[in-house]
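In: Return atomic coordinates for the entry below.
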Amino acid sequence: MLRRISSRSSPKLNRSKIAKNRRLSLQPFTISYRVFSKDAIRDKIRSGPSLQDFMTEDANTEIYENADPIPYVHLDPQPGEGRKVHIETYGCQMNVADTEIVQSIMESNGYQICNNAEEANIIFLNTCAIRDKAEQKIWHRLEYLKSLKKKRKKTEKLLVGVLGCMAERLKLKLIESDKLVDIVVGPDAYRDLPRLVHDVDGGSDHAINVILSQDETYADISPVRTDKNGVSSFVSIMRGCNNMCTYCIVPFTRGRERSRDVNSILREVKELSDKGYKEVVLLGQNVNSYNYRSNIDPEEIKKVPIAEGFSTVYKRPDQGVGFAELVDRVSDIDPEMRVRFTSPHPKDFPDELLEILNNKPNVCKSIHIPIQSGSTEVLKSMRRGYSKEAYLSLIDRIKTKVPDITLSSDFISGFCGETEQDHRETIDILEKVKYDFAFMFAYSMREKTPAHRRLKDDVPEDVKKERLNEVISTFHRIAIDKGTEEVGKTHIVLIDGYSKRSDDDLRGRTDTNKKVIFPNKPIPDMTNNETPREAQPGDYVIVNITDSKGLTLMGKPVGITTLSKYAQEYVI
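Out: Numbers count the residues shown, from 1 in each chain. Sure, this is the predicted structure:
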């Protein structure tokens, strides 16, 4: 309901007096000052005019029951009118979680999600900008979609939008790209998608929103899950990054760190448990930097601790609900639901978190702990905030606290100024830590990063590739040896589907995140009087490891069980 206030009782303007005052305001003038006490100022305020003095008692007010709509506010709750949206996701797990947010936003505004680009009225590409290769893949895809747009009739207009990190990095460059893109939206502006689509439908050539937020976490939006097995799902707990590593574009495409309301996280995990999910993966650019601050007692304020030998480029914030406490509370929601997390930063591994990993059966004993380089000099140039020695000390502490832990890492070969000796230090750390998994890449300089502004990409491409190949071969040799050591051991495996090669075999992962393949046949159900049945996705199965092929383990199923039962009977 809109009100129109009549101005018939307003005083008439004295235009001649206003003109005179304007002329006087152009003349030179001086200012005199009088000093008032605080009490005098309070008295003047109390004796001055109130709000009522600015309101006219005889003003005529007219009420409009059916006012015309405000042109820039779209009140239609379902502007999509059943139009089909197809979303393609590229890059990291955070992008997968963001796609689930976008699907929820679009569906709640009347759009339908479809799996076929050829059927869609709108196609969104949720993009990655971490390396040039990732962006080139998007450009090639956009060229194909341009040809698809040309085939459509004018009455069947196809809109193409670029979302995520590439949208945030390139902004208007995407709009200027030979009519390839209609809509550009950064990671913090997904709520605005329905309006932007509406604007383009209404005649705008393009629509863009790449404003980064200091508080957007999408905590109130229930994601529409993209996973097909109903076994494992991502839960985003924080967004952004404060670390400002010199090689990384993330702080410039996803903004500063902000943690999601802890209660909204617990509520989402509970909903997944009620739907039968058996695993949640907590996500964040620096997931273990989670720190939700709300209603902190001023007398109990303390700074977030940092491990010895580590440093940050930013001021350490006040301690709120930290990551260790969050993991503990998430794990208590459902003892039969596994809890994983990625991707952490080495600086935030307090003993409390390691104790939870060791003591809670449903918190998985697998940590991704990126080092990037084994050279202290390169780490300093990368602005990682630790030395090789500090990192190795942390690894020793983790292995001591959690003996059966498996470790994975990230490696960048050929960063600015990297020497052959620096490369040898990286090979050395691979030999010492003996990672179970690794993500390995040649350095790709990104615009807008500190490295792009201050450093020189001076390692030749052929040298980068040569060093990367040695890193890859060293990792695989060690990982294969570690796989062989698994033969004869027993693991509890969460089934997530069938083998890609045959439905005669089931596929799953151990608590330590190793992939296991085993025959699909009736086995005793230890939760139901050992009655034989075939295991299904979502079941926990005890498996004896019989062989190792590359990074995949082969096994023999023993029986269907639960996490709690396995922890009591098999874990000493």
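
In: tell me the helices in the stretch 51-200 of the chain, going along the chain?
Out: For the stretch 51-200 of the chain, applying DSSP state H, counting those that start in this stretch gives helices covering 93-108, 132-151, 165-170, 172-175, 193-201.

In: What helices and strands are in contact with the fourth one?
Out: Put plainly, it is helix 172-175. In terms of contacts (3 or more C-beta pairs under 8 Å, 6 or more residues apart in numbering; DSSP states H and E), helix 172-175 is packed against strand 183-185. To be clear about C-beta, it is placed using only N, CA and C from the backbone, and glycine gets the same treatment.

In: Same check on the second one?
Out: In this structure, helix 132-151 makes packing contacts with strand 122-127, strand 159-164, helix 165-170, judged by 3+ C-beta pairs under 8 Å, 6+ apart.

In: In a markdown table, list those along with mean pLDDT.
Out: Formatted as a markdown table, those follow (pLDDT from 0 to 100):
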| stretch | mean pLDDT |
| --- | --- |
| strand 122-127 | 97 |
| strand 159-164 | 96 |
| helix 165-170 | 95 |
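
In: on that earlier part again, so which of the helices of the stretch 51-200 of the chain is nearest residue 477?
Out: helix 132-151 (25.5 Å; C-beta to C-beta).

In: Output the closest one in PDB with nothing but the alpha carbons.
Out: Extracted in PDB, the C-alpha atoms of helix 132-151 (Å, rounded to 0.1, in the frame of the first residue of the first chain):
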ATOM      1  CA  ASP A 132      45.000 -20.000 -18.200                       C
ATOM      2  CA  LYS A 133      44.100 -23.500 -19.400                       C
ATOM      3  CA  ALA A 134      40.800 -23.400 -17.500                       C
ATOM      4  CA  GLU A 135      39.800 -20.100 -19.100                       C
ATOM      5  CA  GLN A 136      40.800 -21.300 -22.600                       C
ATOM      6  CA  LYS A 137      38.300 -24.200 -22.200                       C
ATOM      7  CA  ILE A 138      35.600 -21.700 -21.500                       C
ATOM      8  CA  TRP A 139      36.400 -19.500 -24.500                       C
ATOM      9  CA  HIS A 140      36.200 -22.600 -26.700                       C
ATOM     10  CA  ARG A 141      32.900 -23.500 -25.200                       C
ATOM     11  CA  LEU A 142      31.500 -20.000 -25.800                       C
ATOM     12  CA  GLU A 143      32.400 -20.200 -29.500                       C
ATOM     13  CA  TYR A 144      30.300 -23.400 -29.700                       C
ATOM     14  CA  LEU A 145      27.400 -21.700 -27.900                       C
ATOM     15  CA  LYS A 146      27.600 -18.800 -30.300                       C
ATOM     16  CA  SER A 147      26.900 -21.200 -33.100                       C
ATOM     17  CA  LEU A 148      24.100 -22.600 -31.100                       C
ATOM     18  CA  LYS A 149      22.600 -19.100 -30.700                       C
ATOM     19  CA  LYS A 150      22.700 -18.500 -34.400                       C
ATOM     20  CA  LYS A 151      20.600 -21.600 -35.100                       C
END
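
In: Which of the helices and strands packed on helix 132-151 sits closest to residue 542?
Out: In terms of C-beta to C-beta, the element of these nearest to residue 542 is strand 122-127, at 38.3 Å.

In: so how far is that closest one from its chain's centroid?
Out: When C-alpha coordinates are averaged (C-alpha atoms, centre = their mean, to the nearest Å), strand 122-127 and its chain have centres 17 Å apart.

In: One more: stretch 112-131?
Out: Centre to centre, stretch against its chain (C-alpha atoms, centre = their mean), the figure for stretch 112-131 is 18 Å.

In: what do you get for stretch 452-471?
Out: On C-alpha atoms, centre = their mean, the centre of stretch 452-471 falls 28 Å from the chain's centre.

In: Average pLDDT for it, rounded please.
Out: For stretch 452-471, mean pLDDT rounds to 97.

In: Check stretch 532-542 too.
Out: 96.

In: Need the residues that contact it.
Out: For stretch 532-542, the external contacting residues (C-beta atoms under 8 Å, 6 or more residues apart in numbering) are 229-231, 276, 278, 336, 490-497, 506, 508, 518, 520-526, 557-563, 566, 570.
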